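Engineer: Sharing a model prediction with you, sequence too.
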Amino acid sequence: MVTVNGEPFAKVAGQNLLAFLQQRKTPVDNVVVELNGTIIHRPEYEQTLIKPDDKLELISFVGGGR
Amino acid sequence: MQPTIQGMAIKDVYQGMKARNVADSTDRLTAAHVAIAGAGGLGSNIAIALARIGVGQLTLIDFDQVELSNLNRQQFKLSQVGMDKVTALKQNLQEFNPFVTITTRVQKVDHDNVTELFGDADIICEAFDNPSAKAMLLDAASEFFPNKPMVMATGMAGIHSSNSIITKQVRPNLYIAGDGSTAGAEGLMAPRVMIAAGHEANMITRLILGQTKI
């Protein structure tokens, strides 16, 4: 089972990262993706397919600070 | 006659200002270079904390100018409205501690200038307000400097509990302070922004002094 931020996540295996991120509430631009411990850079999102036992960590940011 | 600051010998001023620093910290702090991306509510407060304890080299990066609406939380003065933030901040830092080497860059950080802006720094401090800028800097820094320590913040708005702001170690070299959720639209005020800035500044201090745990 794929996990996203530690939670099991059904039906995402086979999707590419960009398609997966675009379905989420947080804008894609505000997120950095760690896949099995490695940060995936933006140009690689579309060609990266989510595999059945992948561990995804989404590092999301909100505004305010400067 | 020996050189003086405020009528006191420079050497005495330097020693006196370090008297209450943690034992054996001063040499390592003096040798450190921290690049701070953003000179607003987070960056101005972080820079003051790091300058006061004698971090030897600070690079301040921000494209913006001081506005009236900044003054409820950012370490600028009414007399500095309209100035480039990094210039105003450098002026203030030099009054707090003249022994810090400060480089200013009036520049917007993007993927293509990250190497040039942060390459020389020992630690990258993210102090932006824009969430996509935060993510962009992490993305680029992890690409160009996969092992360089980076300290960031997200979520410090409103008047929520102080104790909801924490520091997390997200990766071996990545630390993120904040509550993780409150966004600027609900208002940003000095007390809570300063808590997040304090988290970042203390984590940076710990890293300089060899403490890599949160």
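Structural biologist: The structure has been received and is ready for your questions. Numbers count the residues shown, from 1 in each chain, chains lettered A, B, ... in the order given.
Engineer: Count the residues that sit near B:Leu60.
Structural biologist: Residues near B:Leu60, counting by other C-beta atoms under 10 Å in any protein chain shown, number 27. Backbone N, C-alpha and C define where each C-beta goes, glycine included.
Engineer: what about the nearest residue to it once chain neighbours are set aside, which helix or strand?
Structural biologist: Once flanking residues are discounted, B:Leu60 sits nearest to B:Val86: 4.3 Å by C-beta to C-beta, 6 or more residues apart in numbering or on different chains. Element membership of B:Val86, judged by DSSP states H and E, is helix B:85-96.
Engineer: Check which helices and strands that helix sits against.
Structural biologist: The contact analysis (3 or more C-beta pairs under 8 Å, 6 or more residues apart in numbering or on different chains; DSSP states H and E) places helix B:85-96 against helix B:41-53, strand B:57-61, strand B:101-105.
Engineer: residues in contact with the residue nearest the centre of chain B?
Structural biologist: Most central in chain B under C-alpha atoms, centre = their mean is B:Ile46, positioned 3.4 Å from the mean C-alpha point. Shown in contact with B:Ile46 (C-beta atoms under 8 Å, 6 or more residues apart in numbering or on different chains): B:36, B:125, B:127, B:197, B:200-201, B:204.
Engineer: how far away is it from B:Asn97?
Structural biologist: Look at B:Ile46 and B:Asn97: by C-beta to C-beta, to the nearest Å, they are 14 Å apart.
Engineer: ok, and which of the helices and strands packed on helix B:85-96 has the densest surroundings?
Structural biologist: Sort the helices and strands packed on helix B:85-96 by mean neighbour count, taking mean count of other C-beta atoms under 10 Å in any protein chain shown, and helix B:41-53 sits at the top with a mean of 25.
Engineer: follow-up on the earlier one: from the contacts of B:Ile46, which are also near chain A?
Structural biologist: When the contacts of B:Ile46 are checked against chain A using C-beta under 8 Å from any C-beta of the partner chain, the ones in range are B:Ala127.
Engineer: Quick one: list the elements packing against the longest helix along chain B.
Structural biologist: The single longest helix within chain B, with elements called by DSSP state H, is helix B:190-208. Judged by 3+ C-beta pairs under 8 Å, 6+ apart, the packing partners of helix B:190-208 are helix B:26-31, helix B:41-53, strand B:123-126, strand B:150-153, strand B:166-171, strand B:174-178.
Engineer: Just checking: what are the partner strands of the fifth one?
Structural biologist: Looking at strand B:166-171 with DSSP bridges, its partner strands are strand B:174-178 (antiparallel).
Engineer: Quick check: mean pLDDT of the partner strand?
Structural biologist: Mean pLDDT, strand B:174-178: 98.
Engineer: what secondary structure does A:Ile39 sit in?
Structural biologist: In three-state terms, and counting by DSSP: H, G, I helix; E, B strand; the rest coil, A:Ile39 is strand.
Engineer: got the contact list for the closest residue in space to it that isn't next to it in sequence?
Structural biologist: The spatial neighbour of A:Ile39 that comes closest, neighbours along the chain excluded (C-beta to C-beta, 6+ apart), is B:Ser142 at 4.4 Å. Contact analysis of B:Ser142 by C-beta under 8 Å, 6+ apart lists A:32, A:39, A:41, B:150, B:174.
Engineer: Show me what counts as buried in the host helix or strand of B:Ser142.
Structural biologist: Here B:Ser142, judged by DSSP H and E, is contained in helix B:131-144. The neighbour-count check on helix B:131-144 (16 or more other C-beta atoms under 10 Å in any protein chain shown) flags B:131, B:133-142 as buried.
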